[in-house]
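1. Here's my sequence, what's the structure:
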Amino acid sequence: MHHVKVLGLILAGGKGTRLHPLTKERSKPAVPFGGKYRIVDFVLSNFINSGIYSLYVLTQFKSQSLLQHLRDAWQFSNLLNSQFIIPVPAQMRKGEHWYKGTSDAIYQNIHLLELSRPEMVAVFGADHVYRMDISQMIAYYQEKDARGCVAALPIPIDQAGEFGTMVVDEDFRILEFKEKDAHPPEIPGRPGWTLASMGNYIFDTEVLIRELRRDASNADSHHDFGKNILPEMIQEYPIYAYDFFSNVIPGELPENRGYWRDVGTIEAYYEANMDLRSVKPALNLYNYQWPLRTAEYPQGPSKFTFDEDGRRGHAINSVVAEGCILAGGSVRGSVLGRRVYVDNGAVLRIRSSWTVAISGPERMCGARSSTKMRASEPASASASTRSTTASTTTCPTPASSSWKAIVRRFLSPRWQSRAPHRRNPQPRFAVAESELAPEGGGARNSPAWNAG
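-> Next up is the predicted model:
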């Protein structure tokens with residue numbers, strides 16, 4: 001990539017309604033992932049690892065948890081003015097309304113482009129789990145002498161119903177953009193496959209400003225890149241598709257190339273987390289040549305205590321974040337967030353269906369206070385302690401229509417307060433500890449959201 005001035009605009013205001021209850025008190029980019037990370041960490045790490053340090057993060061819905069995470073994890077020094085990660089809240093600069101669409105989010109902050117005057121603008125979403133060297137996409141953009149570039153993922157046609165797809169020529173110049181079309185176009189020379197938009201774009205700054213203004217003046221527009229901006233731009237400018245499978249990440253195995261997950265549903269979120277337990281996961285969190293950065297908190301390493309029959313703290317085929325204590329409890333096939341405490345006799349494990357352990361007092365989980373209960377006690381107890389119960393139960397599969405009702409039942413403080421006081425020699429409940437954010441905000445750490 002030739003040296004150019006690139007400004008990154010990250011769209012991080014997604015509601016994530018299909019991820020409820022995880023998004024009950026936060027936006028989708030702030031949802032925890034993999035025990036210690038947030039979804040937004042992926043796009044931010046991609047920009048920083050690619051050498052792009054001028055970033056604005058556009059927020060909107062339930063942004064406090066996200067803002068706190070950006071403060072804790074993504075602060076530059078003030079030494080260089082060109083290196084910054086600045087959250088930009090919705091400010092209604094163009095009228096008394098919130099963002100009407102993806103392109104309107106950029107238009108309402110068009111002053112950022114006019115003040116910075118970069119050579120190109122990278123508009124990326126913050127809702128997906130993937131690794132990408134953005135500098136390679138910029139080099140491709142320059143090689144094609146393009147005015148716009150769309151990151152595209154080759155996928156089978158029968159999986160493309162929920163994506164924007166593209167008609168391209170042999171040189172991958174986009175001829176037509178189709179938004180969630182019932183009959184996606186095939187890639188030239190690859191029957192049965194189509195190019196799906198990843199929602200990541202690079203534009204020439206002057207062209208983008210011109211198109212945003214034109215779109216804003218159209219009262220019938222949805223003010224969306226896929227529905228309005230791109231279909232108009234390809235009629236006047238050279239806009240190219242960038243094959244994501246050509247993106248090479250240092251330290252990654254060839255078979256993992258092209259990893260990209262839309263974790264917009266509970267099912268997809270669950271599957272992406274569970275993949276991390278594999279011996280050779282498709283997403284390698286241990287690739288130190290392309291680090292996944294996040295917030296670091298002053299907490300101790302994980303600890304596994306007791307080594308007696310029936311009382312042995314251990315974890316098998318699991319991911320355990322820092323600060324966890326397995327005090328005689330057993331964890332199998334799970335992903336544990338920070339500061340989870342698994343008490344003596346508690347078991348988290350995979351069965352014929354799947355197991356979920358949910359803990360608070362994460363406000364996103366709906367718990368109003370921090371409580372502590374023994375492994376054998378489902379009833380609520382004192383709210384003055386710093387631990388809370390994580391209920392372990394065998395539930396229907398994620399696709400079941402009753403799944404969300406079951407989750408809401410275990411999340412509900414009312415259910416906890418009405419639950420009968422019960423003890424038995426074979427406890428069904430794990431105890432988890434989770435840290436509250438200061439000043440009444442969303443929780444700073446990832447929840448003890450353990451599915452296995």
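2. all helices for the stretch 201-350 of the chain, in order.
-> Remark: helices assigned in the stretch 201-350 of the chain by DSSP state H, counting those that start in this stretch are 205-216, 230-233, 266-275.
3. buried residues in the first one?
-> In other words, helix 205-216. Of the residues in helix 205-216, 205, 207-209, 211-212, 215-216 count as buried by neighbour count, 16 or more other Cβ atoms under 10 Å. The way it works is simple: take the backbone N, C-alpha and C, and place the C-beta from them, glycine included.
4. Kindly report the same for stretch 301-312.
-> 302, 304.
5. how about the helices of the stretch 201-350 of the chain in JSON lines, adding mean pLDDT?
-> JSON lines is the format used below for the helices of the stretch 201-350 of the chain (pLDDT from 0 to 100):
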{"stretch": "helix 205-216", "mean pLDDT": "94"}
{"stretch": "helix 230-233", "mean pLDDT": "92"}
{"stretch": "helix 266-275", "mean pLDDT": "92"}
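6. Any chance of a markdown table for those helices, columns distance to I316?
-> As requested, the helices of the stretch 201-350 of the chain are arranged in a markdown table below (distance: least, Cβ to Cβ, whole Å):
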| stretch | distance to I316 |
| --- | --- |
| helix 205-216 | 51 |
| helix 230-233 | 48 |
| helix 266-275 | 14 |
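7. out of those helices, nearest to Q299?
-> The closest of the helices of the stretch 201-350 of the chain to Q299 is helix 266-275. By Cβ to Cβ, the value is 20.9 Å.
8. for the closest one, packing partners?
-> strand 32-33, strand 260-262, strand 450-451 (3 or more Cβ pairs under 8 Å, 6 or more residues apart in numbering; DSSP states H and E).
9. and the ones you listed, which is most packed in?
-> strand 32-33 (a mean of 27; mean count of other Cβ atoms under 10 Å).
10. and after it, which helix or strand comes next?
-> Per DSSP states H and E, the first helix or strand lying C-terminal to strand 32-33 is strand 37-38.
11. now for that next one, which elements pack on it?
-> On a contact count with 3+ Cβ pairs under 8 Å, 6+ apart, strand 37-38 meets helix 64-73.
12. Now the helix it packs on: buried residues?
-> For helix 64-73, by 16+ other Cβ under 10 Å, it's 64-70, 73.
13. Export those as JSON lines, with columns for distance to Q91 and pLDDT.
-> As requested, those are exported to JSON lines (distance: Cβ to Cβ, whole Å; pLDDT from 0 to 100):
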{"residue": "Q64", "distance to Q91": "16", "pLDDT": "91"}
{"residue": "S65", "distance to Q91": "20", "pLDDT": "92"}
{"residue": "L66", "distance to Q91": "16", "pLDDT": "93"}
{"residue": "L67", "distance to Q91": "14", "pLDDT": "93"}
{"residue": "Q68", "distance to Q91": "20", "pLDDT": "94"}
{"residue": "H69", "distance to Q91": "21", "pLDDT": "94"}
{"residue": "L70", "distance to Q91": "17", "pLDDT": "94"}
{"residue": "A73", "distance to Q91": "24", "pLDDT": "94"}
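14. quick one: which two of those are the most distant?
-> Q64 and A73 (14.9 Å).
15. Check the protein for its longest strand and report it.
-> strand 193-204 (DSSP state E).
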